[in-house]
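Enquirer: quick one: sequence plus predicted model below, questions after.
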Amino acid sequence: SDTGVCHSQLSGWIIVLYLLSYYWTQQVIKNVIHTTVAGVVGTFWLEPMEASSICSRSIGDSFLRSVTSSFGSICFGSLLVSLIQVLHNLLRQVRREGQDNCLLCILECLVSYLERIAEFFNKFAYVYVGLYGYTYLEAGKNVMTLFRARGWTTIINDNLLSNTLGLMSFLIGALSGCLGIIVDDINPSWLSLFEDQSYKVAFAIAFLIGVVIATILMSIVASAVDTSIVLFAEKPREFVVNHPDLSTQMTDAWKEAYPEECGF
């Protein structure tokens, strides 16, 4: 302007793009891990000799498929969820700025449910992407058709694993935070810059590190469980042949938990 002040009309859009980039990157990394684990579990389920150790080729092969032939499907599904997350954040920000009304509340509620549905859909769609290399939409359609045909929609909706793993990640983060306080007490010079607040900073840093590491580890467990559910619905005979003891234990547990829905 004439006063020498620079006014940018794109600043808001730049922030939105940065936010989208952050969520998209996060989702892509998360789903690459998910499809890689799905491929490894699928190999263990169908060809156990090819996934018999931590150094087996199935891990490298599954990861390679995830970042090459299946990468487009991963990016597409991740983008859909990321767009919903950005919209959700924008609505929350508008409400924080005092522009709160009934319509915004309803919109935020709808977007929140849409986000949950998209993440739920992605969770099982990417299992098929990792197992068979389907496209994103084809994988989602096929896996949902499988659950409906088996009558397992109630079972997958009743999956409380994510809540359990989330609680475990929080507890690990809290224990890590306590360890951070102990380390700060042993060597206070590390965070002497923060003076009396050093123990809070030590707890916060250790807590975040613990939560991030635990979340990554728990996501591997969750992906393995989701893949096992899909394969148990689709290929139970192969599980009996290749892993008879595990098959017996899993079948008995499912009969006890879902005597009518499991169909065994």
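Expert: Noted; the coordinates are in hand. Not measured: the values here are computed from a predicted model.

Enquirer: per-residue pLDDT of Ser53, please?
Expert: pLDDT, Ser53: 73.

Enquirer: quick one: buried residues of stretch 73-93?
Expert: 73-75, 77-79, 81-82, 84-88, 90-91 (16 or more other CB atoms under 10 Å). To be clear about C-beta, it is placed using only N, CA and C from the backbone, and glycine gets the same treatment.

Enquirer: with stretch 110-119 instead?
Expert: Within stretch 110-119, the residues that qualify as buried by neighbour count (16+ other CB under 10 Å) are 111, 115, 118-119.

Enquirer: run through who's touching it.
Expert: 80-81, 84-85, 87-88, 91 (CB atoms under 8 Å, 6 or more residues apart in numbering).

Enquirer: need those in a markdown table with distance to Leu165 and secondary structure, can you?
Expert: Formatted as a markdown table, these follow (distance: CB to CB, whole Å; DSSP: H, G, I helix; E, B strand; the rest coil):
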| residue | distance to Leu165 | secondary structure |
| --- | --- | --- |
| Leu80 | 24 | helix |
| Val81 | 19 | helix |
| Ile84 | 22 | helix |
| Gln85 | 20 | helix |
| Leu87 | 26 | helix |
| His88 | 22 | helix |
| Leu91 | 28 | helix |
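
Enquirer: of these, the lowest pLDDT goes to which?
Expert: In terms of pLDDT, Leu91 ranks lowest among the contacts of stretch 110-119, with 82.

Enquirer: that one is in contact with Cys109, isn't it?
Expert: No. At 9.6 Å, Leu91 does not count as touching Cys109 under the criterion of CB atoms under 8 Å.

Enquirer: and which of the contacts of stretch 110-119 is nearest Trp190?
Expert: Distances from Trp190 to these, taken as CB to CB, are shortest for Gln85 (35.4 Å).

Enquirer: from Leu79, how far out is the closest one?
Expert: Going from Gln85 to Leu79 by CB to CB, to the nearest Å gives 11 Å.

Enquirer: check Trp45 too.
Expert: As for Trp45, its distance to Leu79 is 30 Å (criterion: CB to CB).

Enquirer: same question for Ile186.
Expert: Remark: distance between Ile186 and Leu79 (CB to CB) = 46 Å.

Enquirer: try Gly133
Expert: As defined by CB to CB, Gly133 lies at a distance of 19 Å from Leu79.
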